[in-house]
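Visitor: Here you go, sequence then predicted model.
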Amino acid sequence: MIKELLDKAKKNEIVTRIVKALFFGITGAAGAKVLLMIISILIARLISNQDYGVYSLLNNTVQTFVLFAGAGIGITLTRYTAIYQNKDKDRTGYMIKTLSVVNIILSAIVSIIILVFSDYISQLLSKEINISTYIKIISITIFFSSLALLWQSVLQGFEEFKRVAKIQIISHIIALVISGIITALWGLNGAVLSMLLLQILLFIFSINTTRKICKNKKIKLKFRFDEEVKYAIKNVSIPAFLSSIFVNPIIWITNFLFIQKFGYEEFAGFSICLQWMYIVNYIPQQLNQVKPIYTQLYDSGQVKTMQKTVNKLTLFSILLVIAVVTILVIFKSFILKLYGEFYLTFGNTFIILLITNIFIVIQSQNFSVFQAVGKFWECLILNGIWAGTFLIAFILLYDKGAVGYAIAYLISYIIYSIISCKELNKMLKKHDKEES
C-alpha cells in the first residue's frame, strides 16, 4: 500500500515538486540551524555573559538593517523567477540582473551610512561599553548578508532547494570551525568576525551557483530598467519592504529598551531562549519553500489545489512543532545548562517562547500564501497589526523582565494568527465567488 502511494505521488508533478521542496528545505534548515546552535553554544562558552548580550544585540542589528538593504527585492526575485523561468528566459534574465544591481546599490548605501555613523550608533545602543568597532564590522556583514539572501531568493525561484540546502550546510560547517578558533583567540572580536565570515561564505556560494544555473538554462543576465521592473518594485518590493519594517526594526527597538532597563546579561538569557524559538520555527518555515509553487498554481488558476496544499502543510507543520516543543520543554534544563549555569534561571521564558511557535507557524503559512499570490499590501496591514499588538503587550509587561517580553511575543502571534486565518479565508471565498 505504501509503495502504491509513493508511485502515485511520483506521477503527480505538484506533489513531487512539493516533496522535493520540503525535503531539501527541511534538511538544509535542520543542518544549518543545528550548526548555528553549536556555534552559538561555543561562543557563549568562550565569552562572558555580558559579551554574549552584546553579540546578540549586534546579531539582531544585522538582521534589522538587512531589511533596509534588501528592500523587499529578494521576495520580488523569487516571485518573478518562479513565474517567468519557463515562459520567458529573456525576461527572467533582465529581471534578475536589474533587480540585483538595485539591491547592490541599496546595500552599499545602507552599509556606508552605518559605517559613517558607527560612533553615534554605539553611543545610542550602549552606554556601558564602546561598541563602535563592532558596528563597523557589522556594516560590512550587512552588505554581504543582503546579497547572500538576494541570490538565495533567486535559487528558490528556480526551485533549486537542494543547492540552497548544500550552500547552507557547507557554509555553516566552515564557519563553525573558524568561529571556534578566532573566538577562543580574540573573544568578542572573534565572535563578531565570525558573523561576517558566515555571510561572505553564503554570498560566494550563492552567487556562483546562480550563475551556473543561469548558464545551464541559457538565461542571459542583462540590465534593463524598464516599465516592468518599475512595476515590480512599486507593487511587490515596496509593499514587501514596508511590511517587513514592522517586524525586525520593531524588535530591535524593544531589544534596545529592554537592555536599557535590565542590562546585557538579562538580554543574553532572553536571546538564547529566543534563538531556540527561531530554531524550532525555522524547520516548519521551510514549508515556505513551496511559495514559488503556490505562485504558479495561483497564476494558472489552480486555486483549489493551492488551498488544499496550504491546509495540509499547515496541519503538518503544527503537529511537527508541537512534537518538537514537547521534547524540548522536557529537556529544557539540560539545553540551557549547555550555555552555562547562569542561563538555567530562564526556564519559564524558554517554555513561553517555544509555545509561541505554534502560532507563528499558522501566521507564517498564511503570510507566505499572501505573498505568493501578490497580496503584498495585505501583508503590510497584517504586519502593522502585529507590530501594534506587540508594542502594546511589551509596554504593559515591560517590568516583568524576560518572562514579560516572552509573553508579549506569545500574545502578539496569537492575535496575528487569528486575523491572518480570517483574512485568508475571506480572500479565497472572494476568489471562488468571482470564478463562479
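Guide: Looks like it arrived, so ask away. Numbers count the residues shown, from 1 in each chain.

Visitor: what's the single longest helix in this structure?
Guide: Counting by DSSP state H, the longest helix found in the chain is helix 248-285.

Visitor: Give me the most central residue, the chain.
Guide: Of all residues in the chain, the one closest to the mean position by C-alpha atoms, centre = their mean is Tyr282, 7.9 Å from it.

Visitor: you'd agree that residue is up against Gly31?
Guide: No - when contacts are counted by C-beta atoms under 8 Å, Tyr282 is not listed as touching Gly31 (11.0 Å). Glycine gets a C-beta too; all of them are placed from N, C-alpha and C.

Visitor: residues near Leu42, how many?
Guide: Neighbourhood size, Leu42 [other C-beta atoms under 10 Å]: 17.

Visitor: Let me know the helix or strand that the residue lying closest to it once chain neighbours are set aside is in.
Guide: Setting aside the residues directly before and after it, Leu42 is nearest to Gly180 in space (C-beta to C-beta, 6 or more residues apart in numbering), at 5.3 Å. Secondary structure from DSSP states H and E places Gly180 in helix 161-186.

Visitor: So for Asp51, what's the nearest residue that isn't a sequence neighbour?
Guide: Asp51's closest residue in space is Leu188 (C-beta to C-beta, 6+ apart), at 4.4 Å.

Visitor: so the one you found makes contact with Val54?
Guide: Yes - contact criterion C-beta under 8 Å: Leu188 and Val54 qualify, at 6.4 Å.

Visitor: Between these two, which contacts overlap?
Guide: Tyr134 (C-beta atoms under 8 Å, 6 or more residues apart in numbering).

Visitor: Show the model's pLDDT score for Ile131.
Guide: pLDDT for Ile131: 86.

Visitor: Can you get me a residue count around it?
Guide: Other residues near Ile131 number 23, with proximity taken as other C-beta under 10 Å.

Visitor: burial of Glu128, as a residue count?
Guide: 12.

Visitor: if we can go back for a sec, what residues sit buried inside the helix holding Gly180?
Guide: Neighbour counts over helix 161-186 (16 or more other C-beta atoms under 10 Å) mark 161-169, 171-172, 175-176, 178-180, 182-183 as buried.

Visitor: so where's the protein shaky on pLDDT?
Guide: Along the chain, segments meeting pLDDT under 70 span 1-30, 127, 283-293, 295-296, 299-300, 374, 431-436.

Visitor: Could you list the domains of it?
Guide: Here the domain assignment for the chain is 46-245, 263-436, based on automatic domain parsing.

Visitor: closest to Ile38 out of the ones you listed?
Guide: domain 46-245 (6.0 Å; C-beta to C-beta).

Visitor: Return the distance of that closest one from the chain's centre.
Guide: 11 Å (C-alpha atoms, centre = their mean, to the nearest Å).

Visitor: so where do the strands sit in this structure?
Guide: Using DSSP state E, no strands are found in the chain.

Visitor: Gln307 and Lys429: what is the separation?
Guide: In this view, Gln307 and Lys429 are 10 Å apart by C-beta to C-beta, to the nearest Å.

Visitor: Neighbour count: the two, which is higher?
Guide: Neighbours were counted for Gln307 and for Lys429 using other C-beta under 10 Å; Gln307 has more, 19 against 10.

Visitor: which residues does that one contact?
Guide: Here Gln307 is in contact with Leu428 (criterion: C-beta under 8 Å, 6+ apart).

Visitor: Let the chain start at 54 from now.
Guide: Noted, 54 is the first residue going forward, which turns the last one into Gln360.

Visitor: where's it relative to Val374, distance?
Guide: Taken as C-beta to C-beta, the span from Gln360 to Val374 is 21 Å.

Visitor: Ok, Asn410 next?
Guide: Going from Asn410 to Val374 by C-beta to C-beta gives 5 Å.

Visitor: which of these two has more neighbours?
Guide: Asn410 (29 against 22).

Visitor: Contacts only, for the more buried one.
Guide: For Asn410, the contacting residues are Met330, Val333, Asn334, Pro337, Val374, Val378, by C-beta under 8 Å, 6+ apart.

Visitor: how many neighbours does the residue nearest to the last one when sequence neighbours are not counted have?
Guide: Computed as C-beta to C-beta, 6+ apart, the closest residue to Val378 that is not its neighbour in sequence is Leu407, at 4.6 Å. For Leu407, the count of nearby residues is 24 (other C-beta under 10 Å).

Visitor: any idea how far Met148 is from Leu407?
Guide: According to C-beta to C-beta, Leu407 and Met148 sit 40 Å apart.

Visitor: Could you measure from Leu406 over to Ile413?
Guide: 10 Å.

Visitor: meant to ask about Val154, not that
Guide: Distance, Val154 to Ile413, using C-beta to C-beta: 34 Å.

Visitor: So which elements touch the helix holding Gly233?
Guide: Here helix 214-239 touches helix 66-99, helix 185-210, helix 241-269, going by 3 or more C-beta pairs under 8 Å, 6 or more residues apart in numbering; DSSP states H and E.

Visitor: dump the residue contacts of Met480.
Guide: By C-beta under 8 Å, 6+ apart, the contact set of Met480 is Phe423, Val426, Lys428, Glu431.

Visitor: Swap in 7 Å and give it another go.
Guide: Counting by C-beta atoms under 7 Å, 6 or more residues apart in numbering, Met480 touches Lys428.

Visitor: Pull the number of nearby residues for the closest residue to Leu168 other than its chain neighbours.
Guide: In this structure, Leu168 finds its nearest non-sequential neighbour in Ser192, 4.2 Å apart by C-beta to C-beta, 6+ apart. Residues near Ser192, counting by other C-beta under 10 Å, number 23.

Visitor: mind checking how far Ser192 is from Ser164?
Guide: From Ser192 over to Ser164 the distance is 5 Å, taken as C-beta to C-beta.

Visitor: quick one: the residue nearest to the centre of the chain from Lys283, how far?
Guide: 34 Å.

Visitor: Check Asn301 too.
Guide: Distance, Asn301 to Lys283, by C-beta to C-beta: 26 Å.

Visitor: quick one: contacts for the residue nearest to Val378?
Guide: By C-beta under 7 Å, 6+ apart, the contact list for Leu407 reads Trp329, Met330, Val333, Val378, Leu381, Val382.

Visitor: one more time with 10 Å
Guide: Each residue near Leu407 by C-beta atoms under 10 Å, 6 or more residues apart in numbering is listed here: 326, 329-330, 332-334, 374, 377-379, 381-382, 385, 459, 463.

Visitor: and if you look at Ser93?
Guide: Listed by C-beta under 10 Å, 6+ apart, the contact partners of Ser93 are 105, 108-109, 112, 232, 244, 324-325, 328-329, 332, 391-392.
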